[in-house]
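Peer 1: When you get a sec, could you give me coordinates for this:
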Amino acid sequence: MVQWYKNNQRLFREEREALAARFPLMQLILAKPEFKMNSEFSLKSECAVAYGTYELNVPGMCQEIDYKISVLFPEKYSKNPPTMYCNDEKLPMYNIDRHILKNGYACLGVQAEIRQKWPQGSLIVDFIENIIEPFLAWQAYYDEFQKVPPWGERSHFPDGILEYYAELLQLSESGLIKDFMTLLARKNNPKGHEFCPCQSGKRLRHCHRELIDNVRKIINWEVVGLDLKQINSFESKK
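Peer 2: Sure, this is the predicted structure:
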């Protein structure tokens with residue numbers, strides 16, 4: 001598979017220029033194999049990487065704070081979103097309570113939620129502002145006040161995924177969420193004569209059809225499939 005920037009050099013230039021203009025302490029490069037994303041993780045092949053220092057202002061804090069971060073572009077960017085690796089001593093590696101996993105990988109949220117906030121076609125600067133900045137602001141608040149901030153917190157692993165879809169679908173019964181996700185993960189729209197997954201006994205056209213249609217406009221079926229696969233994978237290991 002050919003890296004995205006080889007097929008679209010114009011996009012790479014646009015991304016690099018936008019990053020330099022908005023975040024002058026960061027740069028976008030073509031990193032060679034063995035490039036260190038942080039002290040624990042190095043690349044195995046050439047990839048596009050945005051790295052450097054990100055400065056932000058945090059709600060409830062007077063002073064500006066900065067973090068060193070590395071952002072890895074996937075091979076199929078921007079069909080797939082980037083991933084972030086912590087590269088700062090203020091961001092402790094493999095600390096699940098801080099949503100920082102092995103090798104400093106930052107758990108930035110549910111795949112569908114990331115796509116909702118960063119739709120396909122958006123630039124890396126939008127990803128940093130809409131996805132990474134709230135994550136870093138959460139970390140800064142945690143350090144400053146030694147407690148979880150009153151915003152931006154989800155449970156770990158499958159529970160966090162289910163929480164997101166419960167909010168999206170406005171469901172209070174957690175046992176129904178996976179059934180709704182199964183419909184959302186279909187490539188084709190479900191038929192109106194199918195029974196609604198809410199277990200009302202009604203046909204979908206007379207129950208939650210409008211809700212299903214509206215959510216499918218927001219979240220791509222493939223992304224829902226990835227979230228559903230992650231839940232099933234975790235449950236199978238129990």
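
Peer 1: How far away from the center of its chain is the single longest helix found in the chain?
Peer 2: Assignment by DSSP state H gives helix 221-236 as the longest helix of the chain. How far helix 221-236 lies from its chain's middle: 14 Å, per C-alpha atoms, centre = their mean, to the nearest Å.

Peer 1: buried residues in that helix?
Peer 2: By neighbour count with 16 or more other C-beta atoms under 10 Å, helix 221-236 contains the buried residues 223-228, 231. All C-beta atoms are positioned from the backbone trio N, CA, C, and that covers glycine.

Peer 1: what are the C-alpha coordinates of that helix, in PDB please?
Peer 2: Taking only C-alpha atoms (Å, rounded to 0.1, in the frame of the first residue of the first chain), the coordinates of helix 221-236 have been written out as PDB:
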ATOM      1  CA  TRP A 221     -21.100   2.600   9.000                       C
ATOM      2  CA  GLU A 222     -17.500   1.400   8.700                       C
ATOM      3  CA  VAL A 223     -16.500   3.400  11.800                       C
ATOM      4  CA  VAL A 224     -19.400   1.900  13.800                       C
ATOM      5  CA  GLY A 225     -18.200  -1.500  12.700                       C
ATOM      6  CA  LEU A 226     -14.700  -0.800  14.100                       C
ATOM      7  CA  ASP A 227     -16.100   0.300  17.400                       C
ATOM      8  CA  LEU A 228     -18.400  -2.800  17.500                       C
ATOM      9  CA  LYS A 229     -15.400  -5.000  16.700                       C
ATOM     10  CA  GLN A 230     -13.400  -3.500  19.500                       C
ATOM     11  CA  ILE A 231     -16.200  -4.200  22.000                       C
ATOM     12  CA  ASN A 232     -16.600  -7.800  20.800                       C
ATOM     13  CA  SER A 233     -12.800  -8.400  20.900                       C
ATOM     14  CA  PHE A 234     -12.500  -7.200  24.500                       C
ATOM     15  CA  GLU A 235     -15.500  -9.200  25.600                       C
ATOM     16  CA  SER A 236     -14.100 -12.400  24.000                       C
END
